[in-house]
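Enquirer: Sequence and predicted structure, then a few things I'm wondering about:
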Amino acid sequence: SDGLISVSGLGANTGALGASDIVFDGGGLRYTGATGEISRNITINDGKEGRIDVFNPVSSLSLTGNITANNTAVDGNVAELVKSGPGTLILDADNSSTFNADTTVESGTLTLRASAGLGTSSNNLTLAGGSSLLLGHGVDIANSITLEGDATIGLTIQPIDIDYLIVGGGGGGGTDNYRGGDFGGGGGGGAGGVLQGSITVAAIESTVIVGDGGRGGFGQNASEVVGAQGGDSAVFGFTAKGGGGGGGTPGAFDADVAPSSGGSGGGAAGGVGNNANPSPYLGASGESGQGYAGGDRATTGEFPEGRPGGGGGAGGSGIAASSNTAVDGGGAGVSISITGTSSIYAEGGDAAGGNAAVVRGGTAGTAATGSGGAGGNYVSGGKGGSGIVVIRYQGETFATGGTISTIQLDQDGDGVNETYTVHSFTDVGTDT
């Protein structure tokens, strides 16, 4: 109840107060430590004041637990949250269903990182002269505000939650530009690696790298016929690997060239007769957590030596072409809707069957999807599709870079759409 308890540490289950939540019955809590947070829930009893004093003027104290209070009068008094001290108190939780009481800022700064940090919109906020209210990114409030002197109301860029998608450039398809007959054929390029997730950042500025697709195999020399690996894409310290190149078949029957590994692996070359290690007739591996392996050359069925492997995709491994006249076998991509529209990313490039001196395959991967290029038969392998980086955050636009759009999403499931800003980086190279 009455008086102040002074502490310098308040975690979830440690510190001077042990593992319990905090209940105010007319007393107060003075925090004297460095910048930190309280993850405990806080209750203010009916008719009582809950005072939090942030004593150090350069320290911030974040409340990430819920605040519970009611406006039920006891002896003519109702519950109230009071912020005092020169430091900063940050309300980080959605208190819309638990906090039904007013808030007073006597001194220092109150920062809101949640629109319902003050509880229901009927709760009032009072700012004393010399005090400050700062709103974090995407925060808007409908509470009435009473000014008891000159006070500051402004915006602050606090740590922000970012959703990201990173796709590496697709690998180029391999080629068979010479062999003819019933066997041979170029392997499909592997898709670029895919990374998707969320991160909390203190500043949204970051170097963005978008990887190009690898060139397709060409010519008739062993150094040329294999597809090139795609370029890596990166942001916030995360890197999605470029896709592996598809295996190729040069003029010499015993010189077939193995595919390369990458985000997803390149598909095997068609042909027979090369016992090199790694084998040209086995699909290359994908990066763990980013993609799948390329397909092996067929070993059974009709004309297996003319059925190279498709490139691996982010949704599954490549397989051998279905016949020596088919163009297929690329691994599945993945459907992702971070931009507000569902799109397919990182499909493996198809393999080109090696039957006869007939042009087939060689299709490029779609740009800004990281898909692999198709293998070629009597035509160069297809170039891999370039990669893409997408970042998304709640609220209106406050950063630059990429192609910017806004979408409406109900991410928290409350039936109300919120505005999200999307930055899509598709130009190959480095940006910020």
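Expert: Everything's here; your move. All values derive from a computational prediction rather than experimental measurement. Numbers count the residues shown, from 1 in each chain.

Enquirer: ok now stretch 310-319, how far from the chain's centre?
Expert: 22 Å (CA atoms, centre = their mean, to the nearest Å).

Enquirer: Could you do stretch 92-108 as well?
Expert: In terms of CA atoms, centre = their mean, the gap separating the centre of stretch 92-108 from the centre of its chain is 32 Å.

Enquirer: CA atoms only: put stretch 346-365 into CSV for me.
Expert: Taking C-alpha atoms only, stretch 346-365 is exported to CSV below (Å, rounded to 0.1, in the frame of the first residue of the first chain):
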residue,chain,number,x,y,z
ALA,A,346,11.7,-20.1,-56.3
GLU,A,347,10.5,-22.8,-58.7
GLY,A,348,13.2,-25.2,-60.0
GLY,A,349,14.1,-25.0,-63.7
ASP,A,350,12.8,-27.8,-65.9
ALA,A,351,15.2,-30.3,-67.5
ALA,A,352,15.3,-30.6,-71.3
GLY,A,353,15.2,-34.2,-72.6
GLY,A,354,18.1,-35.1,-74.9
ASN,A,355,16.5,-36.8,-77.8
ALA,A,356,17.8,-35.8,-81.2
ALA,A,357,19.2,-32.5,-82.6
VAL,A,358,15.9,-30.7,-81.7
VAL,A,359,15.7,-27.4,-80.0
ARG,A,360,13.8,-27.7,-76.7
GLY,A,361,13.9,-26.0,-73.3
GLY,A,362,16.1,-23.0,-72.5
THR,A,363,13.3,-20.8,-71.0
ALA,A,364,14.5,-18.2,-68.5
GLY,A,365,13.3,-18.2,-64.9
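
Enquirer: Give the partner strands of whichever helix or strand L29 is part of in its sheet and their orientations.
Expert: Per DSSP states H and E, L29 falls inside strand 28-31. Strand 28-31 has its sheet partners listed here by DSSP bridges as strand 4-7 (parallel), strand 49-54 (parallel).

Enquirer: quick one, which of those strands is packed in tightest?
Expert: Comparing those by mean neighbour count (mean count of other CB atoms under 10 Å), strand 49-54 comes out on top with a mean of 23. Placement of C-beta: from N, CA and C, glycine included.

Enquirer: Contacts for that strand, please.
Expert: Residues outside strand 49-54 that contact it (CB atoms under 8 Å, 6 or more residues apart in numbering): 4, 24, 26-31, 42, 44, 60-61, 63, 69, 79-89, 108.

Enquirer: how far away is the closest residue in space to G85 that isn't next to it in sequence from S84?
Expert: Computed as CB to CB, 6 or more residues apart in numbering, the closest residue to G85 that is not its neighbour in sequence is D53, at 3.9 Å. Separation of D53 from S84 (CB to CB, to the nearest Å): 5 Å.

Enquirer: joint contacts of the two?
Expert: Contacts common to D53 and S84, judged by CB under 8 Å, 6+ apart, are G28.

Enquirer: pLDDT below threshold where in the stretch 51-200 of the chain?
Expert: By pLDDT under 70, the low-scoring segments of the stretch 51-200 of the chain are 158.

Enquirer: My error: substitute the stretch 301-432 of the chain in the last question.
Expert: Scanning the stretch 301-432 of the chain for pLDDT under 70 picks out 412, 414.

Enquirer: Please list all residues in contact with the closest residue to A228 other than its chain neighbours.
Expert: Nearest in space to A228, with sequence neighbours left out and distances taken as CB to CB, 6+ apart, is G214 at 3.5 Å. For G214, the contacting residues are 169-172, 189, 227-231, 242-243, 245, 373, 383-384, by CB under 8 Å, 6+ apart.

Enquirer: most neighbours, which of these?
Expert: Counting neighbours by other CB atoms under 10 Å, G189 leads those with 57 neighbours.

Enquirer: all strands for the stretch 251-400 of the chain, in order.
Expert: Along the stretch 251-400 of the chain, counting by DSSP state E, counting those that start in this stretch, strands occupy 327-328, 334-336, 343-345, 351-352, 360-361, 376-377, 388-394.

Enquirer: so which of the ones you listed comes closest to F99?
Expert: The closest of the strands of the stretch 251-400 of the chain to F99 is strand 388-394. By CB to CB, the value is 21.2 Å.

Enquirer: Does anything pack onto the closest one? Which helices or strands?
Expert: In terms of contacts (3 or more CB pairs under 8 Å, 6 or more residues apart in numbering; DSSP states H and E), strand 388-394 is packed against strand 160-167, strand 208-210, strand 233-235, strand 418-425.

Enquirer: Other residues contacting the second one?
Expert: Contacts to strand 208-210, defined as CB under 8 Å, 6+ apart, come from residues 169, 231-235, 386-389, 401-402, 425-432.

Enquirer: so who does the nearest residue to Y164 once chain neighbours are set aside touch?
Expert: Among residues not flanking Y164 along the chain, I391 sits closest, at 5.1 Å (CB to CB, 6+ apart). Residues in contact with I391 (CB under 8 Å, 6+ apart) are 162-165, 204, 235, 402, 422-423.

Enquirer: Thanks again, I'm all set now.
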